[in-house]
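Chemist: After the sequence you'll find the predicted model.
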Amino acid sequence: MAEPRSIDIKEQPGFRSIAIICLLVLYVPVLILMIFSLNSGSLVTHWEGVTLGWYGSALRNEEFHNAARNTLIISISATIISTVCATLAAIGMTRVKPWRGLAAAFMVINLPLMVPEIITAVATLSFFALIAGTFGLNFGIGNLILAHTVFCIPFAYMPIRARLEDMDLTLEYAAADLYATPWNAFRRITLPLLVPGIMSGAALAFIVSFDDFTITQLVAGPGQTTLPLYIWNQIRRPMTPEINAISTILLLVSILFVSVSFLIARRRAK
Amino acid sequence: MGIAFKKRVAAPQLPSRSAYGDNRTGTHLPPRAGSLNGVIVPEQPGKNAIEVRGVRKVFGTGENQVAALDTVSVSIRENEFFTLLGPSGCGKTTLLRLIAGFDFPSAGEILLHGQDIAPLPPFKRPVNTVFQNYALFPHMTVAQNIGFGLEMLGKPKGEIEARVAQMLKLVKMEALKARRTSQISGGQQQRVALARALAPQPKVLLLDEPLSALDYKLRKEMQIELKRLQHETGITFIFVTHDQEEALTMSDRIAVMSAGKILQVGTPRDIYDRPAERFVADFIGETNFLAGTVMSKKPGMATVKFASNATIAAGYPEGFDPTGEVTLVVRPEHADLVPDPAKGTIAGTLSNIVYFGTDTHYHVRLDGGENFIVRHQNSRSSPATYETGAKVGIQFEEDAARVLKD
């Protein structure tokens, strides 16, 4: 990083205009969405005046409460389970003697990233239908947690593995040399140094689960509406700025969560 | 002020905290089977701290097999500053890792005060290491780093604090004990690494090229510092380096290694003045090699004839029987120039004179075609002055020439 770069990217012709176009395309729609959440009229296309009323009605909305509760239950459970699995997998794949099938295991873990989501969704749906039909088992919201955990694992796995691979192995040798048993070396050296990786893995997993639509839409049973599903259902009816308000709340929660985990990770890494 | 150590949770595999293992059953185990928190406490000190017996280390399998260590045996005495010296890839670091327990030998034994430690994991060996890159724990303070080993041994908090304070004083780092290790300089990190490895009072301290990352001046300082620490702690030091000067100045004894073998073990003077093999002579210091023929020999001394028909008495390594064509080694400072070619043992033409301030190197092209360097210490009253192109003779000091094994 300290190495001086000979090319100043800002000096490149067209850099500014391309950058501005990209930023506009990315953020103007979001900005418009946020602005219209404050519209005092009942249309999302025609501006009339400023009000916070739609936020009030969103926060009083029972359906929104249920959807938010479902989303948090699913996302937090899936985040915790997938982060634990990903951490164990990452350690098992970087801190052991190379074993036959290591490459295959890596593939299996990352498969959800490569398989089109709709395929995973249909497969998961048929799988749960099969279990329900054959054994009469239905885990309720557990179905969704399980489905989310599966596709969250690769997202949690990547930053944790990267952190483990960057870590200086001699630190673990040094711990063993100073009489730390493998468990103590892990607890006192590897784990504390791994925390930033685990944090960013968990943050990624949470965000991915939080806004998942495709799989959730297929797997969710009655009464298991999550926030993305709720928003989807609302925009099929005549839209009011309430949906903008709800979307804005969702966005702010995401931004807050990502920022906090980023700041924690940065502080721990120092 | 207090050092914040996390409360130690008793590890489940350690039911007994008695210093010398569990003797409550009444069956008196020999003392060598003792342990402190799982770390072995070796038998009463013998004369050898470490004994390496026929150790082989092979990496890879099948056709890709490489012997990093090829049946090495060496004894390292109690309280000794012992250096493993050799070029990179000679196996010196592999041997150190086997003693530390980061790797296990393919064959052979490693005895610590008579007990075989080769199969033990590193955390059960009373041996500590100073790593080349120091490997300080970045999420801990200087004091926590130094206390880590004691903490893992399950020492009481008060004892740890006292010992850490003592170690901080020993390496003169008291003022920086609360700093993170990323907030101190390379030289200071070096001191912390030393203190951390010395704090648990290991039987043997292993040092893996610990000075290589320091600049010249700091390295010189740390060389003296290391000797002082070894003297003050009385711990056996095993020091790995590729720097022959470092090895000569610091060591009690040196083992010169090459291609997975130990070629010669001896005091710095032995190694320098009486190298047994061409590699040893060449690796350490500057050397002249001369070809000759053995004419006659008596125990320890052979008479060797040069192409010029001049003869010289030369010592040879123990257990070696020099016959026929041999190579002789003569250090540049063990020879002298004489202006009259007839008065020298060998003669040649002065091809180059290189002035170094403290001494001058005279490059002589011998009549036999070989090159020979004579080093002459400069003084205010330097006697003869020579000119390149002049015919000169070379005289050897007594015992200057040695017959090499190969």
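Modeler: Perfect, I can see it now.

Chemist: SS state for the closest residue to residue A:10 other than its chain neighbours?
Modeler: Of all residues not flanking residue A:10 in the chain, residue A:16 sits nearest, at 7.5 Å (C-beta to C-beta, 6 or more residues apart in numbering or on different chains). Every C-beta, even on glycine, is put in place using the N, C-alpha and C of the backbone. For residue A:16, the assignment made with DSSP: H, G, I helix; E, B strand; the rest coil gives helix.

Chemist: What is the burial count for residue A:16?
Modeler: Residue A:16: 11 surrounding residues under other C-beta atoms under 10 Å in any protein chain shown.

Chemist: ok, now how distant is it from residue B:306?
Modeler: Per C-beta to C-beta, to the nearest Å, residue A:16 is found 81 Å from residue B:306.

Chemist: partners of the residue nearest the centre of chain B in the sheet?
Modeler: For chain B, the residue nearest the mean C-alpha position is residue B:83 (1.2 Å; C-alpha atoms, centre = their mean). In this entry, residue B:83 is beta-bridged to residue B:239, residue B:254, by DSSP bridges.

Chemist: just checking, it touches residue B:245?
Modeler: No - at 11.4 Å, residue B:83 and residue B:245 do not qualify as touching, with contact defined as C-beta atoms under 8 Å.

Chemist: residues shared between the contacts of these two?
Modeler: Listed as contacting both residue B:83 and residue B:245 by C-beta atoms under 8 Å, 6 or more residues apart in numbering or on different chains is no residue at all.

Chemist: Could you list the contact residues of the stretch 51-200 of chain A toward chain B?
Modeler: Residues of the stretch 51-200 of chain A lying close to chain B (C-beta under 8 Å from any C-beta of the partner chain) are A:168, A:170-171, A:173-181, A:183-185, A:188-189, A:192-193.

Chemist: Just the ones of those residues in helices?
Modeler: Under the assignment DSSP state H, those contribute A:170-171, A:173-177, A:183-185, A:192-193 to helices.

Chemist: hmm, which two among the residues you listed are most spread apart?
Modeler: Greatest spacing in these, by C-beta to C-beta: A:170 and A:183 (19.1 Å).

Chemist: So what's the residue count around residue A:89?
Modeler: Using other C-beta under 10 Å as the criterion, the residues surrounding residue A:89 number 20.

Chemist: Also the one 5 residues further on?
Modeler: Residue A:94 has 16 neighbouring residues, counting by other C-beta under 10 Å.

Chemist: hang on, isn't it packed against residue A:165?
Modeler: Yes - with contacts counted by C-beta under 8 Å, residue A:94 reaches residue A:165, the gap being 5.9 Å.

Chemist: Please, where are all the helices along the stretch 101-250 of chain A?
Modeler: Remark: helices assigned in the stretch 101-250 of chain A by DSSP state H, counting those that start in this stretch are A:102-114, A:117-135, A:141-166, A:169-177, A:182-185, A:191-210, A:214-219, A:227-234, A:241-269.

Chemist: could these be laid out in a markdown table, adding mean pLDDT and mean neighbour count?
Modeler: Listed next are these as a markdown table, based on pLDDT from 0 to 100; neighbours: other C-beta atoms under 10 Å in any protein chain shown:
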| stretch | mean pLDDT | mean neighbour count |
| --- | --- | --- |
| helix A:102-114 | 86 | 13 |
| helix A:117-135 | 89 | 14 |
| helix A:141-166 | 91 | 22 |
| helix A:169-177 | 93 | 22 |
| helix A:182-185 | 93 | 17 |
| helix A:191-210 | 90 | 22 |
| helix A:214-219 | 90 | 20 |
| helix A:227-234 | 89 | 18 |
| helix A:241-269 | 79 | 17 |
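
Chemist: I'd like to know which of those is closest to residue B:277.
Modeler: helix A:169-177 (33.4 Å).

Chemist: picking up where we left off before, mind putting the helices of the stretch 101-250 of chain A into a markdown table with distance to residue B:222?
Modeler: Listed next are these as a markdown table, based on distance: least, C-beta to C-beta, whole Å:
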| stretch | distance to residue B:222 |
| --- | --- |
| helix A:102-114 | 42 |
| helix A:117-135 | 59 |
| helix A:141-166 | 29 |
| helix A:169-177 | 19 |
| helix A:182-185 | 28 |
| helix A:191-210 | 28 |
| helix A:214-219 | 60 |
| helix A:227-234 | 61 |
| helix A:241-269 | 30 |
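
Chemist: So which of those helices is nearest residue A:74?
Modeler: Closest among these, using C-beta to C-beta: helix A:141-166, at 5.0 Å.

Chemist: For chain B, see how far away the residue nearest to residue A:10 is.
Modeler: For residue A:16, the distance to chain B (C-beta to the nearest C-beta, to the nearest Å) stands at 38 Å.

Chemist: Just the pLDDT at that residue, thanks.
Modeler: The per-residue pLDDT reported for residue A:16 equals 88.

Chemist: Just give me how far the lengthiest helix in chain A sits from the chain centre.
Modeler: The residue-count maximum for a helix in chain A (DSSP H) belongs to helix A:62-94. With C-alpha atoms, centre = their mean, to the nearest Å as the basis, helix A:62-94 stands 9 Å off its chain's centre.

Chemist: just stretch A:91-102 next, same as before
Modeler: Offset of stretch A:91-102 from its chain centre (C-alpha atoms, centre = their mean): 26 Å.

Chemist: Quick one: end-to-end distance for it.
Modeler: 12 Å (C-alpha to C-alpha, to the nearest Å).

Chemist: where does chain B dip in pLDDT?
Modeler: Scanning chain B for pLDDT under 70 picks out B:1-38, B:40-47, B:382-384.

Chemist: Can you tell me which residues in it are near chain A?
Modeler: B:11, B:13, B:37-39, B:100-102, B:121-124, B:127-129, B:131, B:133, B:135-139, B:148-149, B:152-153, B:182, B:196-197, B:200.

Chemist: Of all the helices of the stretch 101-250 of chain A, which one is nearest residue B:60?
Modeler: Distance to residue B:60, taken as C-beta to C-beta, is lowest for helix A:102-114 among the helices of the stretch 101-250 of chain A, at 18.2 Å.
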